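> Okay, sequence plus prediction incoming.
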Amino acid sequence: MREVRPPILELQGITKSFGGVEALRGVDFALSAGEIHGLVGENGAGKSTLMKIIAGVHSEFSGRFLVDGQETHFRSARDAHAAGIAMVHQELSVAPDLTVAENVFLGNQPTNALGLVQWRRMAREAGEQLSRFGIDVDPMTRLGDLPIGLQQLIEIARVLFSGARIVILDEPTSALSPPEVERLFATLRRLREQGTAIVFISHFIEDILRVSDTVTVFRNGRKVAETASSATSKGALIEAMIGRGGEALEHSYSDDLMLPEPSASPVVLKVDQLSLARSLKDISFEARAGEVLGVYGFMGCGQQELSRILFGKLKPDSGTLLVGGTPKIFASTAAARRAGVALVPESRRDMLFHQEPVYKNISISILDRISALLLRPAQEREIARRQVEQLQIRPPVVGLDLGMLSGGNQQKVALAKWLTYPPKLLVLCEPTRGMDVGAKNDVINIVRDLRARGLAILVLSTEPETVLSLADRILVLKRGAVVREFRNEPVSKDRLLEAA
Amino acid sequence: MSSDTAFAAARGARGLAPFLRSQMRNIAPFLTLIFLSAFFAFASPSFATLDNLGNILTQVSVTGVIAVGLTFVILCAEIDLSIASIANVTGIAVAYFTLQESYVNIANIPLPGAVAIVLSILLCAALGLVNALGLTVIGIPSFIMTLAMMQIAAGISALLVRGQIAYKVPGLITTLGSGSIGGIPWIVIVAALMLLGGHLVLTYTRFGRYVYMVGGNREAAEYAGLNVKLILGSVMVISAVCSGIGGMLGVAHFGSAQQNEFDTYLLDSIAAVVVGGTSLFGGRGGIGNTIVGLFVLGVLNNGLDHVNIDSFLKILIRGLILLAALIINVYAQRLREEAAE
Ligand SMILES: Nc1ncnc2c1ncn2[C@@H]1O[C@H](COP(=O)(O)OP(=O)(O)OP(=O)(O)O)[C@@H](O)[C@H]1O
Ligand SMILES: [Mg+2]
């Protein structure tokens, strides 16, 4: 048992509303030095909102806020930073056009007496910090050229090594594959030994139980439970989160799962010897109507590039795609869409319009089907409302700006936009990233339903659970090549990890 | 439906301040306009008269026509610096294709009026197409591409008139540029119709929605399967054609066609769009904003003539007010982002 220390941060009766919608209602929260505090709750429960209050992003709220026993009020993230609080936001907030080194030192670059940035020193130190964290990249590359997962790791590294004594990680592992998650956890434990207080938000309950000392559960803007991790279980936490028994909602996929016999329905997509620089090597496979093909691999294995090529966003060096009969390489995303391909990429920032209402985000891909020339907003809203209902997007207001939704609900909107007029081939990258257990289950059901309607579906993920819960057949990608195919045979998380 | 209105009501009741903050870009230009009008009305008795309102409307008409197309471009987070040059060359072209008086020393090609107009419009559309291709196919940033086009169009103008001045344009253009009906100048009517047309396209058509979406987040537009290049190309052509029409009307309005006639219109048009509150970062604003911006500019230019100050100082004052508007534009963007936090 760990000694009880006085809290370094204490919140009492925090209430926060956004234009009449209450995101937090009377929440108490305390954090001690040398503690890893797990936070769980459904999408929209208020986790990110509370953390943003702690990190000074939201400065308007009611309730008491004490740091080291002193009543404090942060006016900005800068104030919080000065008090030793740093946060990794759920939405990646890196500067893609700056170098890796600049991102690591964002805001406090080393300078010489003249105030000039010491580039060489900065590059060296950034490189050292990152390699301590197991990241091996050239500190002078442009950050935006790296895969999303790596960008996220770099952002995490920046915050972890910023010297903050309170570190908040809002769903940091969503884009990481198992080895990186392990490295992250090892680092968190090391920081804990040094007395750092850490808040860790995740929808992976097992991770929470494994790494945190205390777990707090949120539901609907309220704190509904706080227990020692050792004194609770996954089932109990899920029940507290959703307010009913939820054991059946999440499998652990540690046991073997039998994949079905390969389908004999028509081939919708035939990929032939696709190669791209160092990312993809001679990839060939087929996807059939009414089949879910999983593509599993670690971060950087070429999934992202593959999905972009399928949607015409990226051109391969060689190889062809066969969609509906004719071999082609799509010249643009518009061409791919016309051919019946749809893509849900892994990054919400890229694919959604944060300043536009939910219904415009949903209707954008199907406007041409709704009308030839003039818009029909009433119809757009109606379609959006059906999707919002089906996917249980919260709050269920189609006129709300997308940026006001919680992270998980934004992800649902990203999926919703392709569901009204389903395409022939649906490519889903990390479809359940950032979603709570209930929502993941909904997505699984939706994908099954689409499969029954005869779509060919490709699910690309770095999470074994996602692939296992959805796929009928699984390809394993490793360094840009297909190294294994699982079909009509038993498969489990361990077998997948072993192959990758 | 009901939950939407309930939410709006809740927002109205509790979150007025954030709502106002997010609307800053629309409110600020309007306040500027009211302030300027009140100031000049107070400073000069000849300002706030119906006659002078007519003057202001006429004075902003050419800028208004050009600004319609520019609004599309800026909404897409691009810029068009060739608008004034294209206006100029189109105005010169329509005169070039018209029979001039014998003392005009230009080797021109007289054609029937309708043909002259069609050819001139084709010319500006073609120049816009070159902008479009440079931007979308070759990938030259619009700032650079249209800077080059500014020179190219000025070069064509120079070759056509060779330092001379032409006076005659086809009858239709003369009427629209300098005639009036029932006391209202045709040029004001044309400008109003074009602004209205631009507004309808932006608000009620699919294309208009795409313009906003491409401006709001180009990457997301591409991931939605929109033909982003086609949309960007189209706005460049629209901008050039609006400029061309503005140029033809302007030539008729001024009564002559010559080199460098439209130089001040570049800054004025950009100012009208931006002062009105359309975001330089794309995706926000519209023709409504442009109209307010036009009035701010018109009132400012006209009002400064009514008060007694050094005419050289006026240039500086215009510059300072433009700067203030730009600052508001950038801040409005930031406030909006904060309101969305
Ligand atoms: N800027 C905002 N404006 C309006 N409402 C907001 C804003 N930010 C969050 N909300 C609302 O507050 C509630 C809580 O959101 P929050 O982001 O804290 O959820 P979360 O628990 O982090 O969910 P997730 O797991 O999906 O990330 C949601 O209903 C959300 O729509
Ligand atoms: Mg969140």
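Here it is on my side, so go on. Here the structure is a predicted model, which is why all the values come from computation and not from measurement. Ligands and ions are numbered 1, 2, ... in the order given.

> And B:Asn26, how far from B:Phe295?
14 Å (C-beta to C-beta, to the nearest Å). Every C-beta, even on glycine, is put in place using the N, C-alpha and C of the backbone.

> can you tell me the helix or strand for A:His73?
Under DSSP states H and E, no helix or strand contains A:His73.

> Now do it: how many residues are near it, please.
Each residue near A:His73 was counted by other C-beta atoms under 10 Å in any protein chain shown, and the total is 10.

> Excluding chain neighbours, give the residue nearest to A:Ser406 in space.
Nearest non-adjacent residue to A:Ser406, counting by C-beta to C-beta, 6 or more residues apart in numbering or on different chains: A:Gly44, 4.1 Å away.

> give me the low-pLDDT residue ranges for chain A?
Along chain A, segments meeting pLDDT under 70 span A:1-5, A:107, A:244-254.

> Okay, domains of it per the record?
Domains of chain A are assigned by automatic domain parsing as A:7-242, A:257-499.

> Figure out which of those domains is closest to ligand 2.
The minimum distance between ligand 2 and the domains of chain A falls on domain A:7-242, with 3.1 Å, by C-beta to the ion.

> Now do that closest one: distance to the chain's middle.
The chain centre lies 14 Å from the centre of domain A:7-242; the measure is C-alpha atoms, centre = their mean, to the nearest Å.

> again with stretch B:236-255
Worked out by C-alpha atoms, centre = their mean, stretch B:236-255 lies 10 Å from the chain centre.

> Over to stretch A:363-373?
Its chain's average C-alpha position is 29 Å from that of stretch A:363-373, according to C-alpha atoms, centre = their mean.

> Could you see whether chain B lies near that stretch?
Yes: shown here: stretch A:363-373 in contact with chain B (C-beta under 8 Å from any C-beta of the partner chain) through A:364-365, A:367-368, A:371-373.

> measure stretch A:99-113 end to end?
23 Å (C-alpha to C-alpha, to the nearest Å).

> Show me what it is in contact with.
Here stretch A:99-113 makes contact (C-beta atoms under 8 Å, 6 or more residues apart in numbering or on different chains) with A:94-95, A:98, A:117-119, A:121-123, A:125-127, A:129-130, A:137-143, A:146, A:154-155, A:157-158, A:161.

> one more time with 6 Å, if that's ok
Stretch A:99-113 is contacted by residues A:94-95, A:117-118, A:121-123, A:126, A:137, A:139-141, A:143, A:154, A:158 when judged by C-beta atoms under 6 Å, 6 or more residues apart in numbering or on different chains.

> buried set for it?
Buried residues in stretch A:99-113, counted by 16 or more other C-beta atoms under 10 Å in any protein chain shown: A:99-106, A:109.

> just stretch A:470-486 next, same as before
In terms of neighbour count (16+ other C-beta under 10 Å), stretch A:470-486 has its buried residues at A:470-478, A:480, A:482, A:486.

> Next, give me the two most distant ones among those.
By the measure C-beta to C-beta, A:Asp472 and A:Gly480 form the most distant pair in the buried residues of stretch A:470-486, at 23.7 Å.

> what pLDDT does the residue nearest the centre of chain B get?
When C-alpha atoms, centre = their mean is applied to chain B, the residue found nearest the centroid is B:Ala67 (0.9 Å). In this model, B:Ala67 is scored at 98, pLDDT.

> With B:Phe39 instead?
Value listed for B:Phe39 in the pLDDT field: 90.

> how would you label residue 115: helix, strand or coil?
If you meant another chain, say so; for now it's chain A. coil (DSSP: H, G, I helix; E, B strand; the rest coil).

> So in chain B, which helix runs the longest?
Scanning chain B for the helix with the most residues, using DSSP state H, yields helix B:311-340.

> Just give me the neighbour total for the residue nearest to A:Ser406.
24.

> That one contacts A:Pro395, doesn't it?
No: if you go by C-beta atoms under 6 Å, A:Gly44 and A:Pro395 don't touch, sitting 7.6 Å apart.

> rewinding a little: would you turn the buried residues of stretch A:470-486 into CSV with distance to A:Asp256 and secondary structure?
Below are those laid out as CSV (distance: C-beta to C-beta, whole Å; DSSP: H, G, I helix; E, B strand; the rest coil):
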residue, distance to A:Asp256, secondary structure
A:Leu470, 17, helix
A:Ala471, 14, coil
A:Asp472, 16, coil
A:Arg473, 16, strand
A:Ile474, 13, strand
A:Leu475, 18, strand
A:Val476, 16, strand
A:Leu477, 22, strand
A:Lys478, 22, strand
A:Gly480, 28, coil
A:Val482, 22, strand
A:Phe486, 11, strand
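
> picking up where we left off before, contacts only, for the residue nearest to the centre of chain B.
B:269, B:272-273, B:290.

> Please repeat the previous calculation with a cut-off of 10 Å.
B:60, B:74, B:83, B:191, B:194-195, B:198, B:239, B:242-243, B:246, B:265, B:268-273, B:276, B:278, B:287, B:290-291, B:293-294, B:297 (C-beta atoms under 10 Å, 6 or more residues apart in numbering or on different chains).

> And for B:Val115?
Here B:Val115 is in contact with B:97, B:170 (C-beta under 10 Å, 6+ apart).

> Stretch B:208-216 and chain A, any residue contact?
Yes: against chain A, stretch B:208-216 shows contacts by C-beta under 10 Å from any C-beta of the partner chain at B:208-210, B:212-213, B:215-216.

> Quick one: the strands in the stretch 101-250 of chain B, in order.
B:180-181, B:184-185 (DSSP state E, counting those that start in this stretch).

> Can you name the residue of the stretch 401-500 of chain A nearest ligand 1?
Here the residue of the stretch 401-500 of chain A nearest ligand 1 is A:Gly408; by C-beta to the nearest ligand atom that distance is 2.8 Å.

> these two touch, right, that residue and A:Asp170?
No: if you go by C-beta atoms under 10 Å, A:Gly408 and A:Asp170 don't touch, sitting 11.5 Å apart.

> Of those two, which one has the most company?
A:Gly408 (27 against 22).

> which non-adjacent residue is nearest that one?
A:Asn43 (3.0 Å).

> tell me, how many neighbours does the one you found end up with?
By the criterion of other C-beta under 10 Å, A:Asn43 has 24 neighbours.

> what sits against it?
Taking C-beta under 10 Å, 6+ apart as the test, what A:Asn43 contacts is A:203, A:392-394, A:405-412, A:434-439.

> Tell me the secondary structure at it.
On the basis of three-state DSSP, A:Asn43 is classed as coil.

> which phi and psi does it have?
Per-residue torsions, A:Asn43: phi -60, psi 130 (degrees, to the nearest 10).

> quick one: it and A:Glu430, what's the gap?
From A:Asn43 to A:Glu430 the distance is 15 Å (C-beta to C-beta).

> swap in A:Gly399?
28 Å.

> higher neighbour count, those two?
A:Glu430 (25 against 16).

> Surely that one touches A:Tyr296?
No: with contacts defined as C-beta under 10 Å, A:Glu430 does not count as touching A:Tyr296, sitting 11.4 Å away.
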